[in-house]
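Novice: Need coordinates for the below:
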Amino acid sequence: MAGMVPGVLIVDDEKHTREGLQQALAENYDVTVAANAEEAFNLLEAQPFEVVLTDLRMPGKSGLKVIDKALALPNRPAVLMMTAYGNIETAVEAMKRGAVDFLTKPVNIERLEVLIQRALKTRTLEVEVQQLHERLDEKFNLEGIIGTSRKLQDVIDKMRIVAASRATILIEGESGTGKELIAQAIHQSSPRSRAPFVAVHCAALSESLLESELFGHERGAFTGASERRIGRFEMAGGGTLFLDEIGDISSSTQVKLLRFLETKSIERVGGSKPLELDVRLVAAANRSLEQLVRAGKFREDVFFRLNVVRLYMPPLRERAEDIPLLLAHFIRLFSEENAVPPLTVESGALRTLQAYPWPGNIRELRNFCENAVVLRRGGRLTEYDLEPKFRGAAISGQIAPNPLADAGSKDQAAAPSSLSVAENEKHLLREALLKSRGNRTKAAQLMGVSRRTLHRKIAQWPELDTTDK
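Specialist: Numbering: from 1, shown residues only. Okay, here's the model as predicted:
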């Protein structure tokens, strides 16, 4: 913990050595000593240490056993080995077991101080990396994907099956449906989770730039190539490469991609030596690659190689039952970011938002939530706070011509001939209440009726009763 004195455990069967080291280090560290491996085991189980300094040869269990014990702990310390023998075999074995470094006896205190500081930095870095992986696991694991709809659960079920495999995966779906999130979740749930996840948005780069970005280039491969550069394929070695909007890549890049899919090797631009790579490929497209193949815009052989496992991410309009969960998640997220209490979404607003088709999908909903939190007028989000585009969709996508709206309003749509008089009246009442932001007196004036008549109509349709009394 920041601000605390680092704990150092010294393990040595020679009393004068361990006590001398304890005295030399006591000014800067919280030093504990052990006379043998068994005593060290008990101390390691009883309290945490940042650094363990252990002798190699001791009666009973050797210092190598101390290394094994220390590095098997959940909160593992950095380990330094010391020995009077100092041969290379000892050093190699200690490093294989996980020791950070070793010293020969008699111990040089200045060098020991340097090695302890280096070991502490190494341990801090390891802890930070572990915490980062834990946060990634939490953020991108399959259980972290929000939604309970059948269509989304079908995708998650397939992901659980394929995550542990080496299979190439193709994710199709509209823009904003969360294809990259799915790719990251697959990576984090796979044996490759501790290796890199590298994403490339293919449509954002020109043909020449994309080829160099993916495969790298040799020095002098083209004008301006002053040095060798490794590409995203090599960066993703041992991990996962995510190619977004793969339907937009050129025919020549498709040929190079096909070679990788067939041989698991690439060549840098300007190079001739094949480089074999262990990379899992996940590709995504916001258009059907099968249709692009039929239109002659995508190579059929590349499509067949990509289409080993195909996942379809449904648009938000096909899983409206997930909208309340997504709203709650994003409102909580942006409320925490902006240090404000979370908004309460009233039932009328929730029904309206569920009826909206969300053409921008989750990306649009996320932006809506951030806007609602930042521009909040109070602690509640009502249907009267929503833009007209949301309200228009709430009436089954169609509303009757509304004399209360401004002439030429684009928020109206022609009423279907099948609507009854009562249904038209209900829609007009709803629009009047929305336009007056729930003020019943103003709503009655807009409709040209008395407040008593308005009360009677609201009593007839209690679901509209979210107004100011």
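Novice: Could you list the low-confidence segments of the stretch 351-469 of the chain?
Specialist: 392-425, 427, 463-469 (pLDDT under 70).
Novice: ranges for the strands of it?
Specialist: 380-381 (DSSP state E, counting those that start in this stretch).
Novice: Distance check, the nearest residue to L71 once chain neighbours are set aside against I323.
Specialist: Among residues not flanking L71 along the chain, G98 sits closest, at 4.5 Å (Cβ to Cβ, 6 or more residues apart in numbering). Using the backbone N, CA and C atoms, a C-beta is placed for each residue, glycine as well. Using Cβ to Cβ, to the nearest Å, one obtains 49 Å as the distance from G98 to I323.
Novice: quick one, which of the two is more surrounded?
Specialist: I323 (21 against 14; other Cβ atoms under 10 Å).
Novice: re the thing from before, and the residue nearest to L71, what is it in contact with?
Specialist: Contact partners of G98, counting by Cβ atoms under 8 Å, 6 or more residues apart in numbering, are I67, L71, V79.
Novice: pretty sure the last one is in a strand, no?
Specialist: If I follow you right, that is V79. Yes - under DSSP: H, G, I helix; E, B strand; the rest coil, V79 falls within a strand.
Novice: burial of it, as a residue count?
Specialist: 28.
Novice: Likewise for the second one?
Specialist: L71: 15 surrounding residues under other Cβ under 10 Å.
Novice: and what of the one 10 residues further on?
Specialist: M81 is flanked by 25 other residues according to other Cβ under 10 Å.
Novice: Check it and give its pLDDT.
Specialist: Looking at M81, its pLDDT reads 87.
Novice: oh, and call the first residue 30 from now on, that's how I've got it
Specialist: In the new numbering, first residue 30, that becomes M110.
Novice: looking at it, it is touching V136, isn't it?
Specialist: No - checked against Cβ atoms under 8 Å, the pair M110 and V136 is beyond contact range at 11.3 Å.
Novice: Distance of A193 relative to Q217?
Specialist: 12 Å.
Novice: more neighbours, those two?
Specialist: Q217 (22 against 12).
Novice: Run through the residues that contact L109.
Specialist: L109 neighbours (Cβ under 8 Å, 6+ apart): 80-83, 128-132, 141, 144-145, 148.
Novice: Tell me how many other residues crowd the closest residue to it other than its chain neighbours.
Specialist: Using Cβ to Cβ, 6+ apart and skipping the chain neighbours, the partner closest in space to L109 is L82 (4.8 Å). Per other Cβ under 10 Å, the neighbour tally for L82 reads 29.
Novice: now L82, which residues is it bridged with?
Specialist: Beta-bridge pairing of L82 under DSSP bridges involves I39, L109.
Novice: which residues touch it?
Specialist: Contacts of L82 (Cβ under 8 Å, 6+ apart): V37, L38, I39, V40, L50, V108, L109, M111, L141, I145.
Novice: The second one and F78 touch, don't they?
Specialist: Yes - here L38 lies in contact with F78, judged by Cβ under 8 Å, at a distance of 4.6 Å.
Novice: what residues are shared contacts of those two?
Specialist: With Cβ under 8 Å, 6+ apart, L38 and F78 have common neighbours T61, L72, P106.
Novice: So the first one: helix, strand or coil?
Specialist: Under the three-state scheme (three-state DSSP), the conformation of T61 reads as strand.
Novice: That one: how many residues sit nearby?
Specialist: 18.
Novice: List the beta-bridge partners for it.
Specialist: L38.
Novice: wait, doesn't it sit right on F78?
Specialist: Yes - counting by Cβ under 8 Å, F78 is a contact partner of T61 at 7.4 Å.
Novice: any residues in contact with both of these two?
Specialist: With Cβ under 8 Å, 6+ apart, T61 and F78 have common neighbours G36, V37, L38, L72.
Novice: coming back round to it: F327: which of the contacts of L109 is nearest?
Specialist: Of all the contacts of L109, V129 has the smallest distance to F327: 51.3 Å, by Cβ to Cβ.
Novice: quick one: that closest one and P77, what's the gap?
Specialist: Counting by Cβ to Cβ, the gap from V129 to P77 is 17 Å.
Novice: And for S204?
Specialist: On the measure of Cβ to Cβ, S204 and P77 end up 48 Å apart.
Novice: what are the ranges of the helices in the stretch 230-379 of the chain?
Specialist: Taking DSSP state H, counting those that start in this stretch as the test, the helices found in the stretch 230-379 of the chain are 236-244, 261-264, 280-292, 318-323, 329-335, 352-366, 376-384.
Novice: Burial check on P386, number of neighbours?
Specialist: Neighbour number of P386 under other Cβ under 10 Å is 15.
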